[in-house]
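**Student:** Here is a sequence with its predicted model. Questions after.
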Amino acid sequence: MIGDLPRVLFVGNSHSGSLRLAYAAEADRWPGWDVYFLGVLSDRLGELDLRDDRLVPMTGAASRQMQYYNHVNSVDVGGFDAFVIVGGVSWFRTAAICAEHRSLDFPSVVAGDETAQLVGGRVLGAMLRGRIAGSAVGQLLPRIERLQKPVVVVPEPALSEDGRADDARYGAYHALVQRGDATHWLDMYRAARMQVLGDSATILDWPEAALVDGPYTASSLMRGSRRLGRIDAAAIVAGTSAARAQREVAEDGEGPTHPDDDYEHANATYGAMVMDQVMSVLSTR
C-alpha cells in the first residue's frame, strides 16, 4: 500500500468505460480504495503480459492501444493491493456453440425438439471451458495472479433487451432464449467459468437487478453508453495524490455515445451497480 488507502487497478476492455464514468461521477460513494483504470479494446486485453511487475503489451496492436488510450507504453503494477479485470469474454456469443449441438438434458431436447445434433454434456462443457480459457480474460488472469494479490473478474454485460429485434447479429442468442435453453446454458457457462477462473479470482455475476426477461440487460442500463476514451494512466505511477486528476480525466475524456444499435455496452448507471459489487468484495480483503 502506498499512501493512506489501498490501491486497486481496474484493467479492462471497452466495457470498463461504464465503471470509469460511474467512478468519476460518484467517487465518494466508494471511499475505501484509491482507484485507477487502464483500458484497451477487445482482445488486446489478453495481449498484456506481466514482466518484472510491469504490464507490457506483447503485440503491436496492444502497444498502440496502450499508448493511445492510456498515454503509456507499460505500467508498473507491483505497488497495487488488488486488481479488477473487466470484460474479456462474451457470454451471449457462446450461444453459437449450442445452436445445433445439445445434450439430452437441455430443456428443448427434453420437450421433444429433434432438430439438434446430440452430443454429450461433457463435450459442451469442455467447449465452454476452452472458449473461456482462450479468451482475453483467460489469458490475462494467470499473469496477474503471479502478483499474489486479490483479483476480481467482472463479466461483460448481458445483451440489452433492445437487441431482441436484431436477429441478423444475435439470432443464435435469441433462439437459445426462445427454445427455453438459456437458463440451462447459463448454468453450464457459470460452472465452466468457475472451473477455469475461480481458483485465481473472485468471479462476479451480473447484477441481479440489471437482468430482465431472463438473460437480457434492462435497456435503461444500456442506452447512452459511451465509447472508451483516453485517460492519463501516468497518474498510476504518481501516487495517491494523482487519483483525483485521473478521475477528472475519466469524467471529461470518455468517448462519444455509442450508436443506437449498440446493444452490448452499458452506461454509467450499470457501471455504478458493478462498482458496488466490486467494492463489496474488496471491503472484505
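**Tutor:** Right, received. Where do you want to start?

**Student:** Find the centremost residue of this protein, please.
**Tutor:** Gly87 (1.8 Å; Cα atoms, centre = their mean).

**Student:** Quick check: pLDDT value at Gly78.
**Tutor:** For Gly78, the pLDDT comes out at 95.

**Student:** OK, contacts around it?
**Tutor:** Under the criterion of Cβ atoms under 8 Å, 6 or more residues apart in numbering, the neighbours of Gly78 are Asp53, Arg54, Leu147. Where you see a C-beta, it was placed from the backbone N, CA and C, and this is true even at glycine.

**Student:** cutoff 7 Å now
**Tutor:** Applying Cβ atoms under 7 Å, 6 or more residues apart in numbering, one finds that Gly78 lies in contact with Asp53.

**Student:** and what of Ala209?
**Tutor:** Contacts of Ala209 by Cβ under 7 Å, 6+ apart are Met273.

**Student:** gap between it and Thr94?
**Tutor:** Taken as Cβ to Cβ, to the nearest Å, the spacing of Ala209 relative to Thr94 amounts to 23 Å.

**Student:** Now do the contacts for the residue nearest to the centre of the chain.
**Tutor:** Gly12, Asn13, His15, Ser16, Leu45, Glu156.

**Student:** Kindly indicate which of those residues lies nearest Leu118.
**Tutor:** Of all those, Glu156 has the smallest distance to Leu118: 30.0 Å, by Cβ to Cβ.

**Student:** Got the phi and psi for the closest one?
**Tutor:** Backbone geometry at Glu156, expressed as degrees, to the nearest 10, gives phi -70, psi 150.

**Student:** Contact partners for it?
**Tutor:** Per Cβ under 7 Å, 6+ apart, neighbours of Glu156: His15, Gly87, Val89, Ser90, Trp91.

**Student:** what about the third one, neighbour count?
**Tutor:** What it means is Val89. Neighbourhood size, Val89 [other Cβ atoms under 10 Å]: 25.

**Student:** which residue sits closest to it in space, ignoring its chain neighbours?
**Tutor:** Ser135 (3.7 Å; Cβ to Cβ, 6 or more residues apart in numbering).

**Student:** contacting residues for the one you found?
**Tutor:** Gly46, Gly88, Val89.

**Student:** Can you mark which positions in stretch 191-209 are buried?
**Tutor:** Of the residues in stretch 191-209, those buried by neighbour count under the rule 16 or more other Cβ atoms under 10 Å are Ala192, Arg193, Val196, Leu197, Ala201, Thr202, Ile203, Leu204, Trp206, Pro207.

**Student:** Endpoints of that stretch, how far apart?
**Tutor:** 21 Å (Cα to Cα, to the nearest Å).

**Student:** per-residue confidence averaged over it?
**Tutor:** Mean predicted lDDT for stretch 191-209 stands at 97.

**Student:** how about low-confidence regions in the stretch 51-200 of the chain?
**Tutor:** For the stretch 51-200 of the chain, no stretch is flagged by pLDDT under 70.

**Student:** thought Pro207 was touching Val278?
**Tutor:** No - assessed by Cβ atoms under 7 Å, Pro207 is found out of contact with Val278, at 10.9 Å.

**Student:** what helix or strand is the residue of the chain most remote from its centre on?
**Tutor:** For the chain, the residue at maximal distance from the C-alpha centroid (Cα atoms, centre = their mean) is Gly112, at 35.9 Å. In the assignment (DSSP states H and E), Gly112 maps to no helix and no strand.

**Student:** which residues sit in contact with it?
**Tutor:** No contacts exist for Gly112 under Cβ under 7 Å, 6+ apart.

**Student:** Tyr270 too?
**Tutor:** Contacts of Tyr270 (Cβ under 7 Å, 6+ apart): Ser18, Pro157, Ala210, Leu221.

**Student:** Pull out the buried positions in stretch 58-68.
**Tutor:** Ala62, Ser63, Gln65, Met66.

**Student:** which one is the second one nearest to, not counting chain neighbours?
**Tutor:** On the basis of Cβ to Cβ, 6+ apart, the spatially nearest residue to Ser63 that is not a chain neighbour turns out to be Pro57, at 4.0 Å.

**Student:** And for the first one?
**Tutor:** When the adjacent residues along the chain are set aside, Ala62 lies closest to Glu47, with 3.8 Å between them (Cβ to Cβ, 6+ apart).

**Student:** Run a quick neighbour tally on Leu147.
**Tutor:** 16.

**Student:** same question, Leu118
**Tutor:** When neighbours are counted by other Cβ under 10 Å, Leu118 comes out with 11.
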